[in-house]
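In: Have a look; sequence and predicted model below, questions after that.
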Amino acid sequence: MMRKRLLSGTLLLGAALLGPAQAAPGAWKGTITMYVQEYTPNWPDAAKPLKAFQQIADEYRKANPGIQIKFSTSPIPDNDTNVRVKAAAGELFDIYWAQSTSLNSTLPKGVAVDLAPVFAQPNPYIPGNKAWQDVMNKTQVAENRAPNGAVYVLSADNVAFTIFYNKDLFKKAGISKPPTSWPELIAVSKKLKAAGINPFHQVPAYPWWGNFFISDLYAKEFARLTRFDGLPGQSGLDEAVAIHKGILSPKDPRFMSWWPTFKQLTDTWPRDYLTLDASKNYDAFNQDFVGGKSAMIFEGSYSIRSLQDLGAKFAVGAFNFPALTKAQSPYATGTYVANSVGGNGSFQYAVSTPLANKTMREAGKSAAVLDWMRYFGTPKNVQRIIVENATYVPTWPGVNAPLSPSFDSTPFKQQATKPRLELNVGSAAPGLGWTDMQRIFGLYLSGNITLDQAKSQVQTLLDKSANEYARKNKVDFSNYK
Amino acid sequence: MPSRPLRRLREGWPAYLFVLPSVLLMAYFSYVPAYTAMTRAFTDWDGLNVPTFTGLENFQRALTDPVMGQAALNAGIWVVLGLVLAVLPPLLVAELIFNLRGQRRQYAWRSLFVVPVVVPSLVLLLMWGTFFRSDGLINTVLGSVGLGAWRHDWLSDPSTALYSLIFLGFPYIDVFFLLLLYAGLQNIAPEVFEAGKMDGAVGWRRVLYLDLPLLRPQLGLIALLSVIGNVQYFISPLVLTSGGPGYSTTVPALLMYNTATRNGEYGYAMAIAVLLMLVVVVLTGLSRLVARERA
């Protein structure tokens, strides 16, 4: 029984991997199902429903009679669980949104097709194209790579992060302009607190704030720390090797030197969320900001829409994380890191395998699904999709989609003009950044443990994570100099 | 001539036929998952692909994980304090209602305690989450009655977070336990109370020397259900603290849930589930043993 299942599983996975290169588009007729997250057209509750993806689908259908594209318009609160459950039932969408970090580490292997071979082939819908990946962002493709070399998502956008602020509350506290340096940010926070206004009221997410500081403090070693795998961008392997070498670890004096600096800021926050789980309390702290309970919120560009949807009745401004100076840390390099937080946004699409989606076993369907993906995955169509939503930043060279004109997007424009450096720890093991590190970070910021205790706990956690990575992915750290 | 069991089966076939659908459904929905958990606890399984046999690795990992140690300690505290909360408040209220004069009054008070059962438990949890906030009801009340020094960050302090969750839900009246005890009191024959009265068993003496010994079956059941329920419980840490600050409110059942749903490590999660099941079986056996010895 076990052998039979193993055999059928292997065959199905094999079919999934080989499928793309085999059947020609047009041999299959039917409906392709898609879940495209925030780019979903015709969303029932949207004030201004998006249309672009539907229009592109209609154009494709016109050219390929017999193929229907059906977008799921049901809300999915927990995407990873949804993928797991639907895949276990063999009913996953043909194309679906998923973050590469989930597909690379916590979601079961075999839920998504490896698109790397497809990316190396020409996309017939891009004139003169020799390899689809030529039009993509190379760093993003590399960052999305799984430890086994597979790339499970077609990525074309990023979330940009900034600090949004309530202009009315700033005015009320007598603050005339947003802060431009770290000491100014602290001073503004203290002034707000003195005026009875919470500066921030949210979970200080370690992976996000950590990116700013780590990327700055280690900026001079950026090239080395991102190339252990021979590719641009920091992958899980790069991270695990750097941890093992004691570079991204408390053994290096830079690694946690910023925690006391950051604590100066959180000491002005109410303690409610300091020790909690960022993902669980997401709605709560957004509501606190919209409800005027806090003056600032550190959030992604998607908030441009969500703050409007939640009914913010005040003028919203935004400013970027300031560059650090030697006054904050002797290790500060002054590098521009305001754009180091973000990464994959909503244009991250995977193709399901026949193991996760029974309909993909139909002869020719995999090829048809990939043909449709090639169709909407051209720079021209990517631009149409991203520009309509106007809350994500396109990553492909030459694709230009400005953020919402109803919002002062100057901070995001500033970020877009600078090279992006991103270094931190968070993906070498499941839950490393968002849960396990976040727990220690929260305990330190709330004053429940000392920095030395935190360092000891972090070291234990990182050792465990790197060893787990090496064991699961059969990595020999001694191979990396 | 058919054997005795066979003969019994043949004679009682209509009864067995009626029971069969329930037994089949129960087997499918209760025993099959339990069997799956027990077998897959020895594997590395992601919930989709074919599991790989790993022997006792998952159990070894669970038993040597320091987080599991902290979680087990938290669960132990929860079980002990939970037992007190499961028994004392419902017993007190059952006694109060039972000693009210007039059936109508008893009915009215009983109904008042039962009515809150219609409020979904998640709503209550979220409401209590707001009570525990730094600007929440508890701190506001403390401040307004001159106990401002007692104001506290209840859920963000590791030393109070676990107890805040355990003592969430004042006045701790579990309706099912209340009705069980009240029914137990009603079942005591009036003659017993009369005889007790003549022997001086009135007021607290009656509760101690008559009610409690005669309520032993109900109290035993409540204790058993409370222990089993609290060993498996993880909803309030999941909703309100995610097991934090640090791991101060993590319990093994929450660890199991997160391991499966967040990390996708179903084999390891099932090993934790099997360990929990063993704990429940041992505690159940012990409580039955104690009850039998006392009887």
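Out: Looks like it arrived, so ask away.
In: what residues are up against residue 178?
Out: Using chain A here. By Cβ atoms under 8 Å, 6 or more residues apart in numbering or on different chains, the residues touching A:P178 are A:163, A:165, A:170, A:188, A:317-319. Placement of C-beta: from N, CA and C, glycine included.
In: Can you look at chain B instead?
Out: B:L178 neighbours (Cβ under 8 Å, 6+ apart): B:90, B:93-94, B:113.
In: Of all pairs in the contacts of A:P178, which one is the farthest apart?
Out: Greatest spacing in those, by Cβ to Cβ: A:V188 and A:A318 (14.0 Å).
In: Return the residues of chain B in contact with chain A.
Out: B:46-50, B:133-135, B:153, B:155-158, B:239, B:241-242, B:244-247, B:258, B:261-265 (Cβ under 8 Å from any Cβ of the partner chain).
In: ok, of those residues, which come out buried?
Out: Neighbour-count burial (16 or more other Cβ atoms under 10 Å in any protein chain shown) applied to the residues of chain B next to chain A gives B:46-50, B:133-134, B:153, B:155-158, B:239, B:241-242, B:244-247, B:258, B:261-265.
In: Write down the beta-bridge partners of the closest residue in space to B:T54 that isn't next to it in sequence, one by one.
Out: Ranked by Cβ to Cβ, 6 or more residues apart in numbering or on different chains and with sequence neighbours excluded, the top spatial neighbour of B:T54 is B:D44, at 5.0 Å. Counting by DSSP bridges, B:D44 is bridged to B:T52.
In: wait, isn't B:D44 in contact with B:P51?
Out: Yes - when contacts are counted by Cβ atoms under 8 Å, B:D44 is listed as touching B:P51 (6.6 Å).
In: what's the overlap in contacts for the two?
Out: B:G267.
In: and the longest helix along chain B, which residues are buried?
Out: Longest helix in chain B, counting residues (DSSP state H): helix B:66-98. Buried residues in helix B:66-98, counted by 16+ other Cβ under 10 Å: B:67-68, B:70-72, B:74-75, B:78-79, B:82-83, B:85-87, B:89-95, B:97-98.
In: Mean confidence (pLDDT) on the helix or strand just after that helix, please.
Out: With elements assigned by DSSP states H and E, the helix or strand that comes after helix B:66-98 is helix B:103-114. Here helix B:103-114 scores 91 as its mean pLDDT.
In: elements contacting helix B:103-114?
Out: helix B:66-98, helix B:175-187 (3 or more Cβ pairs under 8 Å, 6 or more residues apart in numbering or on different chains; DSSP states H and E).
In: Dump stretch A:312-331 to CSV, restricted to CA.
Out: Presented in CSV, the C-alpha positions along stretch A:312-331 are these (Å, rounded to 0.1, in the frame of the first residue of the first chain):
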residue,chain,number,x,y,z
ALA,A,312,-9.6,56.8,8.4
LYS,A,313,-11.0,60.3,9.0
PHE,A,314,-7.8,62.2,9.3
ALA,A,315,-5.0,63.3,7.0
VAL,A,316,-2.4,60.6,6.7
GLY,A,317,1.3,61.4,6.1
ALA,A,318,4.3,59.2,5.7
PHE,A,319,8.0,59.3,6.3
ASN,A,320,10.8,56.8,5.9
PHE,A,321,13.1,55.1,8.4
PRO,A,322,16.0,57.5,8.8
ALA,A,323,19.6,56.6,8.0
LEU,A,324,21.6,55.8,11.2
THR,A,325,24.6,57.7,12.3
LYS,A,326,27.6,56.9,14.6
ALA,A,327,25.6,58.6,17.3
GLN,A,328,23.2,55.7,17.4
SER,A,329,25.7,53.0,16.9
PRO,A,330,29.5,52.8,16.5
TYR,A,331,28.8,50.2,13.8
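In: Please point out which parts of that stretch sit buried.
Out: A:312, A:314, A:316-324, A:328-329, A:331.
In: which parts of stretch A:170-177 are buried?
Out: A:170, A:173, A:175.
In: quick one: contacts of it?
Out: The contact list for stretch A:170-177 (Cβ under 8 Å, 6+ apart) reads A:178, A:188, A:191-192, A:194-195, A:197, A:295, A:317.
In: Same check on stretch A:142-149?
Out: Here stretch A:142-149 has contacts from A:100, A:103-104, A:116, A:151-153, A:155, A:229, A:231-237, A:343-344, A:469, A:472-473, A:475, using Cβ under 8 Å, 6+ apart.
In: Now A:A332: closest residue in space that isn't a chain neighbour?
Out: A:L324 (4.0 Å).
In: Tell me the pLDDT of A:F412.
Out: Looking at A:F412, the pLDDT reads 81.
In: So it versus chain B, what's the distance?
Out: 31 Å (Cβ to the nearest Cβ, to the nearest Å).
In: got any ranges where the chain has weak pLDDT?
Out: Going with chain A. A:1-26, A:405-407 (pLDDT under 70).
In: I was after chain B.
Out: In chain B, residues with pLDDT under 70: B:1-2, B:294-295.
In: Where is the longest helix in chain A?
Out: Chain A, longest helix under DSSP H: helix A:451-473.
In: end-to-end on stretch A:155-171?
Out: One end of stretch A:155-171 sits 40 Å from the other (Cα to Cα, to the nearest Å).
In: So for that stretch, what gets flagged as buried?
Out: Those would be A:155-166, A:169-170, for stretch A:155-171 by 16+ other Cβ under 10 Å.
In: again with stretch A:408-419
Out: Buried-residue list, stretch A:408-419, by 16+ other Cβ under 10 Å: A:409, A:411-412, A:414-416.
In: again with stretch A:177-195
Out: A:178-179, A:182, A:185-186, A:188-193.
In: now do stretch B:128-141
Out: In stretch B:128-141, counting by 16+ other Cβ under 10 Å, buried: B:128-129, B:131-134, B:136, B:138-139.
In: Using the three-state scheme, assign B:V202.
Out: coil (DSSP: H, G, I helix; E, B strand; the rest coil).
In: Which residues lie in contact with the nearest residue to it once chain neighbours are set aside in this structure?
Out: In this structure, B:V202 finds its nearest non-sequential neighbour in B:G196, 7.8 Å apart by Cβ to Cβ, 6+ apart. Shown in contact with B:G196 (Cβ under 8 Å, 6+ apart): B:202, B:206, B:209-210.
In: Quick one: distance of stretch B:249-256 to the chain centre.
Out: 15 Å (Cα atoms, centre = their mean, to the nearest Å).
In: Mind listing residues that contact it?
Out: B:67-68, B:70-72, B:74-75, B:78, B:161-162, B:165, B:231-234, B:237-238, B:241, B:243-244, B:269, B:272-273, B:275-276.
In: what's around B:G203, how many residues?
Out: 9 (other Cβ atoms under 10 Å in any protein chain shown).
In: wait, B:V32
Out: 11.
In: that older thread, helices - which of the buried ones among the residues of chain B next to chain A land there?
Out: Using DSSP H, these in helices are B:158, B:258, B:261.
In: so how far is A:K280 from the second one?
Out: Pointing back at B:N258 there. 11 Å (Cβ to Cβ, to the nearest Å).
In: Secondary structure class of A:M296, three-state.
Out: Applying three-state DSSP: A:M296 is strand.
In: Show me the beta-bridge partners of it.
Out: A:Y165, A:F200.
In: Test my guess that it contacts A:F164.
Out: Yes - using Cβ under 8 Å, A:M296 is in contact with A:F164, at 6.8 Å.
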